[in-house]
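Visitor: what follows is a protein structure lacking sequence information:
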């Protein structure tokens, strides 16, 4: 799959789905507590929490796939700045990178059919960027 800008994607698909309220769904519909520092970012390190988060993402992905629409997902790292990662006791982990890899696994599991999925790696201290998962090199997110 070759890289495509967000503007071109909008020309092709007048609707691009985005995830909705992942954190609220975890807060209300799961037995798991969100971390005060990194919210749900560390869920990927606990199998049950990881599965709860993956189940919600799979629901979002299925909606896009069923309607042949691209979807834009964010890594669950919006509060995962270096300071917060350290305060959460996770300084020895690649929390942002591990969350990106988690999202890429979801893409490979469900969207291996050429349908477009973009992931926004979005830690608190990094500018959002578009990542074309057909390659390993990120390109600027263009809107």
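Guide: Perfect, I can see it now. What you see is a predicted model, and the numbers here were worked out from it, not measured in a lab. Residues are numbered from 1 along each chain as shown.
Visitor: what's the spacing between the closest residue to residue 79 other than its chain neighbours and residue 22?
Guide: The shortest distance from residue 79 to any non-neighbouring residue, by CB to CB, 6 or more residues apart in numbering, is to residue 39 (4.9 Å). Backbone N, C-alpha and C define where each C-beta goes, glycine included. Distance, residue 39 to residue 22, by CB to CB, to the nearest Å: 10 Å.
Visitor: shared neighbours of the two, which are they?
Guide: Residues touching both residue 39 and residue 22 (CB atoms under 8 Å, 6 or more residues apart in numbering): residue 76.
Visitor: out of the two, which sits in the busier spot?
Guide: residue 39 (20 against 17; other CB atoms under 10 Å).
Visitor: quick one, phi psi at that one?
Guide: Residue 39 adopts backbone torsions of phi 60, psi -110, taken as degrees, to the nearest 10.
Visitor: who's it bridged to?
Guide: Here residue 39 sits in beta bridges with residue 35, going by DSSP bridges.
Visitor: my guess is it meets residue 78, correct?
Guide: Yes. Here residue 39 reaches residue 78: they are 7.4 Å apart, a contact under CB atoms under 8 Å.
Visitor: let me see the ranges of the helices in this protein.
Guide: Using DSSP state H, the helices of the chain run over 6-12, 22-29, 47-66, 82-87, 95-110.
Visitor: tell me which of these is the most buried.
Guide: Comparing these by mean neighbour count (mean count of other CB atoms under 10 Å), helix 95-110 comes out on top with a mean of 18.
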